[in-house]
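*Asks:* Sequence and predicted structure are below.
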Amino acid sequence: MNSDAPSKSLAGIFVLCWLGLLADGYDLYVYGATLPALIGQPPFNVTPAGAGAVGSLALVGMLLGSLIVGTLTDRLGRRRIFVGALALFSLAMLACAMAPGWELFAAFRFIACFGVGGLLPTAVALTNEFAPPGKKSLVLGAVLTGPATGTVAASLTSLAVLESSGFRPVYAIGAAGLLIVPFAWLLLPESPSFLRTQLRTSEADRIEAAYGLPRTLDVPAAAVRVSPTRALFANGTAGTTVLLWAITVLSLLTIFGVSTWLPQIMRTAGFGVGSSVSFLLAYSVGAVVGTVLASVASQKFGPRPLVVVGFVSAAAALLLMSTNPPAALMTILAAVAGFGGLGTQNMINDYIAQFYPAATRATGLGWALAVGRIGAIAGPTYGALLVGFGGGVPVAAIAFAAPALLGAMLMLALRARAVRRPAIAQDAELVG
């Protein structure tokens, strides 16, 4: 550690990242919570197929955001990308609330998800870099409760106003992320590892000293020519990189299929709008609680076994939901599925963040999430087909349990290699 006592608290960084991810989660998952007020309802009167198509189209925007913005983060700096992505999707949410027609709503939804896709890799990279070395999983796990908490907020907001006021106020509230923008611009520091890749050594030294971070090595001048994207396949990491992409595809297919269609599927099973949205609320609460518990366990056992447990929990809960149990038990199973869905993806993010060195961390996570969006894009359309062909809760539950089980098997197949590499040495090798 630096010899001088730190003059700035790390807590502000983590709180800002958490708040940004809360807004991220709200804006991303609000679509599923508001589907009951969009399908067959004025002013848009959309069909299930149309709703599924827009859900998937928006996730194409998220794919591009994860890929483009995640890579730019390691090239342009994390502070600017964090602020820009947050402002973009918050403004797009306000535009969704004011959209006069379905086509414009879909376009603004696409833009919102582009910004959402760019925020997560940046927030995770910042959190992982500034977290104390012995508590990275705990801190990252706490920050990654942000998206699930945002889902809880979206569910509660929908429960409160959807039936009485429609979908527009729910989306307008999603623009509250704009309130975070000035604080993030003024208070978030730049990543020292990024500054070193730009040969801005004195700035990196000052930030590390101010926050009491371990001093990283300077980047050799020759290293500035190394691409962070190429580095994902260098030094024997290609196989693990591809396998992590496949696992993320299966995880996001399950998450977005279930979170998008759970309220509507429950409504078709005879539950009212309020009751059906409450299942999404239970799913979200399960994700928050599960992420906290998993991050504590991950600090001791590592994130890999927690990913396997999460996938299996999601599959078991979904299979039990296929038996049409009583409403109380269905709510509990939805919470377990939330832990196995969003909670599992948070542990995957933890694994990826610790697997790649700091200079390529945002790129590695951005690419994994971008490729994983193939599953996210397929999830809503997959669910729409089930609903369109009359598949009720049993069919949908079994259909979404299958990718979760496959994800568990692939994670077991992932070579049991050390997650924590000699980061200081490797961080000096690559640049943005």
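*Replies:* That came through fine. Quick caveat: nothing in here was measured; it's all calculated off a predicted structure.
*Asks:* Does residue 120 lie in a helix or a strand, and which?
*Replies:* helix 102-130 (DSSP states H and E).
*Asks:* and the angle from the helix or strand following that helix to helix 102-130?
*Replies:* Following helix 102-130 in sequence order, the next helix or strand is helix 136-143 (DSSP H and E). With axes from the mean of the first three to the mean of the last three CA atoms, to 10 degrees defining the directions, helix 136-143 sits at 150 degrees from helix 102-130.
*Asks:* Tell me which other helices or strands helix 136-143 touches.
*Replies:* helix 11-38, helix 102-130, helix 273-301, helix 344-355 (3 or more CB pairs under 8 Å, 6 or more residues apart in numbering; DSSP states H and E). Just so you know, the C-beta spots here come from the backbone N, C-alpha and C atoms, and that holds for glycine as well.
*Asks:* In JSON lines, list those helices along with mean neighbour count.
*Replies:* JSON lines is the format used below for the helices and strands packed on helix 136-143 (neighbours: other CB atoms under 10 Å):
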{"stretch": "helix 11-38", "mean neighbour count": "24"}
{"stretch": "helix 102-130", "mean neighbour count": "25"}
{"stretch": "helix 273-301", "mean neighbour count": "22"}
{"stretch": "helix 344-355", "mean neighbour count": "27"}
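*Asks:* who's in contact with the strand or helix carrying residue 396?
*Replies:* Element membership for residue 396, per DSSP H and E: helix 393-413. With contact meaning CB atoms under 8 Å, 6 or more residues apart in numbering, helix 393-413 is reached by 243, 246-247, 250-251, 253-254, 257-258, 261, 265-266, 269, 304, 307-308, 311-312, 314-316, 318-319, 321-324, 340-341, 344, 375, 382-383, 386-387, 391.
*Asks:* so who does residue 141 touch?
*Replies:* Contacts of residue 141 (CB under 8 Å, 6+ apart): 291, 292, 294, 295, 296, 298, 346, 347, 350.
*Asks:* how close does the fourth one get to residue 120?
*Replies:* Read that as residue 295. 16 Å (CB to CB, to the nearest Å).
*Asks:* where's residue 371 relative to residue 252, distance?
*Replies:* 9 Å.
*Asks:* Who has more neighbours out of those two?
*Replies:* residue 252 (29 against 20; other CB atoms under 10 Å).
*Asks:* Could I get the phi/psi values of the more buried one?
*Replies:* Note on residue 252: its backbone torsions stand at phi -70, psi -30 [degrees, to the nearest 10].
*Asks:* In stretch 180-199, which residues are buried?
*Replies:* In terms of neighbour count (16 or more other CB atoms under 10 Å), stretch 180-199 has its buried residues at 180-181, 184, 188-198.
*Asks:* What is the burial count for residue 60?
*Replies:* Residue 60: 17 neighbours (other CB under 10 Å).
*Asks:* so which strand or helix has it?
*Replies:* helix 48-64.
*Asks:* quick one, the helix holding residue 120 and helix 344-355 angle?
*Replies:* 50 degrees.
*Asks:* So residue 22 is in contact with residue 153, correct?
*Replies:* Yes. Here residue 22 reaches residue 153: they are 6.9 Å apart, a contact under CB atoms under 8 Å.
*Asks:* Show me what the mean pLDDT comes to for stretch 79-99.
*Replies:* In this model, stretch 79-99 has a mean pLDDT of 95.
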